[in-house]
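Trainee: here you go, sequence then predicted model.
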Amino acid sequence: MRFKFDRKYLHWGITAFLVIAAGLVFYYILFYGESLSQGVKNVVSTAMPIIDGLVLAYLMTPVLNKIEKGIMEPLYRHAKVPDTPKTKRRRRMLSILMTIVLVLVILYEFFGLIIPELVRSIQSIIFQFPTYVNNLQTWAMGLMKNNPELEDVVDSLINQYSSKILDYINSNLMPNVQNLIKTVTSSVFGMLRALWNFVIGFIISIYVLGSKEKFAGQAKKIAYALFDRKTGNEVITVFRFIHSTFIGFIGGKIVDSIIIGILCFICTSIIGTPYAILVSVIVGVTNVIPFFGPWIGGVPSALLVLMVNPTQAVYFIILILVLQQFDGNILGPKILGDSTGLSGFWVIFAITMFGGFFGVLGMVVGVPIFAVFYAGVKVYVNRMLAKKELPTESSPYMTVGRIEEGGFFTAYKGMDRKKKKGKDAKEKAAQNDGSTKEEKQAQNDGSTKEEKQAQNDGSTKEEKQAQSDENTKEKETQEQNDGNITVEEKQEQSDENTKDEQQES
C-alpha cells in the first residue's frame, strides 16, 4: 500500500511544533528571565561595535547623499566623465572621504573649542569651591539675619536632622567608600571600552556607507522572498516610514539643540553668567531629550551658578524658562514640524516609559520609536474600519452611543440631554433677556391697576361702613329724642289731667 502525502498534516505538525516551542520559551522566560537577560546583554555588548557602526552610517547617510548628489555628480557631469560602474565606485569613495573629513573637522572644532573651556571651568570650580561655599554661606546668613522667622525654621530643621545625617555618613557612606572607588574605576574602564567600540564602529560605518544600496537591495529581496507581493510592498513602505520618522526627528532635534546651545551661550555672555560655555553645553546637550531636556540641564547649571553668584542664578533660571518657551512654541515646531504625529500626552508617555526602561538613550529615541508603533496601530485600525465601511476620523466617535444598521450613528442619550438642556437654557436666557422689560412693564401696569382697584374697593367699603355707622347713630339719637319727648309729654298730660280733676271736684 502506497502512502499518500497530505499537506494539511504537515501544517498541523508545524503548528504543534511552534506551539510547543512557544510554550518552552515562555516557561524559560518566566522562570529563568535573569539568565536570559544576562545572555542578551552579553550578545549586545559583543555586537556593540557593529551597532555603533550601523548607527554612525545611518546618521552620516544624509550628509553623504547631499555631497554625492549635490557636489560630486555635477562635477562629474561637468567634467564629462563617463558614468560607468568603476566611476560610480570612485565617486562614492570620494564622497565618503569628504563626508568623514567634514564630520571629523566639525567634531574637532567643536571639542577643541569646548573641552579646554570645560577643563578650565572644572578646575576653577575645584580650586575655588571653598570660596563658593563661603559666598553661599554668607548669602544664606544674611538672608536669615534679615528674616528672623526663617532663621528659627532653619535652626529647628538643623537640630532635627543633623544627628540623622551624621549617622547616615558614619553607617552607610563611609563603609561604602571602597565600593564607590570600584564603581568609579569600572566606569572609567567602561568609558574606554565605549571609546574603543566607537572607533571600531567608525571603521565599520565606512564599509556600510560604501555598500548601502547593496544592503538595501538584499533586504528588499528577502522581504519579497518571505512575503507575497502586496505584503512585501507594505513591509517596504513601513520601513520607509520608520526611516523618515527617525531621521526627521533625530536630525531635527540635533539641529534644534545646537541652536538652543548657541542662543544660551550668547544670552549668558550678555548677562554675565559665570561659566557661560559650560552651562550652555549642558543645556544644549540635554535639550536633545524632548520635553524634560531643558529642565534636566537647567537645574544642575542653576546650582552651579548659585554657588558663585545667587543673583545671576535667578537671571539664569529666567533665561532657561524663556528659552524653553521659545523652543517649545516657535523653534521646535519650525524645525521638527509634525514629524512624529504625537500629541503632548503621548510624547510624555513615551519619554517616561522608555526612559524608565533604557535610561537616557531611551528618553532620546523613545519618541520616534513610539511614533512608529502609534502609526502602525493607527493604520491597522483605519484598515479594519474601512473594511466595515465606517469612518476613519475620530470626531464622529466622540458623541456616538451606538451604530445602527447601515452605518448610521446614534448619539449618546446623555449627550443629547446635555445638548438639549444647553439649548433650553440658552433659549430661556434669550427669552428672559427679551421679555424681562415687557414683563416688568406689564407687571407694573397690572400692579397699579390692582392697587388702584384694591384701594378703591377698600375706600368704598370703609366709606360705606362709616356712613352706615353714622346713620345708625342718628337713628339711635332720633329714637332717644323721640322717646324722651313722649315721656315728658305723657308726664305733662298726666299732670294736666290731675289738675283738671281737682278743679272739677
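Mentor: Received, thanks. Numbering: from 1, shown residues only.
Trainee: please report phi then psi for Asp228.
Mentor: The phi/psi pair for Asp228 (degrees, to the nearest 10) reads phi -70, psi 180.
Trainee: again with the one 10 residues further on
Mentor: As for Val238, its main-chain torsions (degrees, to the nearest 10) stand at phi -60, psi -40.
Trainee: quick one: residues contacting it.
Mentor: Counting by C-beta atoms under 8 Å, 6 or more residues apart in numbering, Val238 touches Gly376. Where you see a C-beta, it was placed from the backbone N, CA and C, and this is true even at glycine.
Trainee: from now on call the first residue 48
Mentor: New numbering, starting at 48: the last item is Val285.
Trainee: tell me the pLDDT at it?
Mentor: For Val285, the pLDDT comes out at 86.
Trainee: average pLDDT for the helix or strand harbouring Ala397?
Mentor: Assigned by DSSP states H and E, Ala397 belongs to helix 391-434. Regarding helix 391-434, the rounded mean pLDDT is 84.
Trainee: I'd like the next helix or strand past it.
Mentor: Downstream of helix 391-434 (by DSSP H and E), the next one is strand 447-450.
Trainee: my guess is Ile336 contacts Gly406. True?
Mentor: No: judged on C-beta atoms under 8 Å, Ile336 makes no contact with Gly406 at a distance of 10.9 Å.
Trainee: of these two, who's got more company?
Mentor: Ile336 (22 against 10; other C-beta atoms under 10 Å).
Trainee: the more buried one: what secondary structure?
Mentor: Under DSSP: H, G, I helix; E, B strand; the rest coil, Ile336 falls in the coil class.
Trainee: check contacts around it.
Mentor: 343, 398, 407, 410-411.
Trainee: low pLDDT regions in this structure?
Mentor: 48-55, 209, 216, 219-222, 224, 384-387, 453-455, 459-552 (pLDDT under 70).
Trainee: got the domain boundaries for it?
Mentor: Per automatic domain parsing, the structural domains of the chain span 57-93, 441-474.
Trainee: now these in TSV, with distance to Lys135 and mean neighbour count?
Mentor: Formatted as TSV, the domains of the chain follow (distance: least, C-beta to C-beta, whole Å; neighbours: other C-beta atoms under 10 Å):
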stretch	distance to Lys135	mean neighbour count
domain 57-93	35	10
domain 441-474	48	11
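Trainee: redo those as JSON lines? Include distance to Val180.
Mentor: What follows is the domains of the chain, written out as JSON lines (distance: least, C-beta to C-beta, whole Å):
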{"stretch": "domain 57-93", "distance to Val180": "41"}
{"stretch": "domain 441-474", "distance to Val180": "57"}
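Trainee: show me the contacts for Val326.
Mentor: With the criterion set at C-beta under 8 Å, 6+ apart, Val326 makes contact with 311, 315, 320, 348, 351-352, 363.
Trainee: widest-spaced pair of the residues you listed?
Mentor: Maximum pairwise distance in the contacts of Val326, criterion C-beta to C-beta, is 13.7 Å, between Cys311 and Leu351.
Trainee: between the two, tell me which one has more neighbours.
Mentor: Cys311 (28 against 20).
Trainee: correct me, but the more buried one touches Phe373?
Mentor: No: look at Cys311 against Phe373 with C-beta under 8 Å: they stay out of range, at 10.7 Å.
Trainee: among the contacts of Val326, who's most crowded?
Mentor: Using other C-beta under 10 Å as the neighbour criterion, Cys311 leads those with 28 neighbours.
Trainee: if I pick it, what's in contact with it?
Mentor: 326-327, 330-331, 366, 370.
Trainee: let me know the helix or strand that it is in.
Mentor: Per DSSP H and E: Cys311 is located in helix 276-318.
Trainee: same question, His58
Mentor: Per DSSP H and E: helix 54-78 holds His58.
Trainee: give me the contact list for that helix.
Mentor: Leu83.
Trainee: export only the CA atoms of stretch 139-155, formatted as PDB.
Mentor: Coordinates of each C-alpha in stretch 139-155 appear next as PDB, following Å, rounded to 0.1, in the frame of the first residue of the first chain:
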ATOM      1  CA  ARG A 139      31.200  57.000  -3.900                       C
ATOM      2  CA  MET A 140      34.600  56.600  -2.200                       C
ATOM      3  CA  LEU A 141      35.400  60.300  -2.700                       C
ATOM      4  CA  SER A 142      32.000  61.300  -1.300                       C
ATOM      5  CA  ILE A 143      32.600  59.000   1.700                       C
ATOM      6  CA  LEU A 144      36.000  60.600   2.200                       C
ATOM      7  CA  MET A 145      34.600  64.100   2.100                       C
ATOM      8  CA  THR A 146      31.800  63.100   4.500                       C
ATOM      9  CA  ILE A 147      34.300  61.700   7.000                       C
ATOM     10  CA  VAL A 148      36.600  64.700   6.700                       C
ATOM     11  CA  LEU A 149      33.700  67.100   7.200                       C
ATOM     12  CA  VAL A 150      32.400  65.200  10.200                       C
ATOM     13  CA  LEU A 151      35.900  64.900  11.800                       C
ATOM     14  CA  VAL A 152      36.500  68.700  11.200                       C
ATOM     15  CA  ILE A 153      33.200  69.600  12.800                       C
ATOM     16  CA  LEU A 154      33.900  67.300  15.800                       C
ATOM     17  CA  TYR A 155      37.500  68.600  16.200                       C
END
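Trainee: would you mark the buried spots in it?
Mentor: Buried residues in stretch 139-155, counting neighbours by 16 or more other C-beta atoms under 10 Å, are found at 139, 141-143, 145-147, 150.
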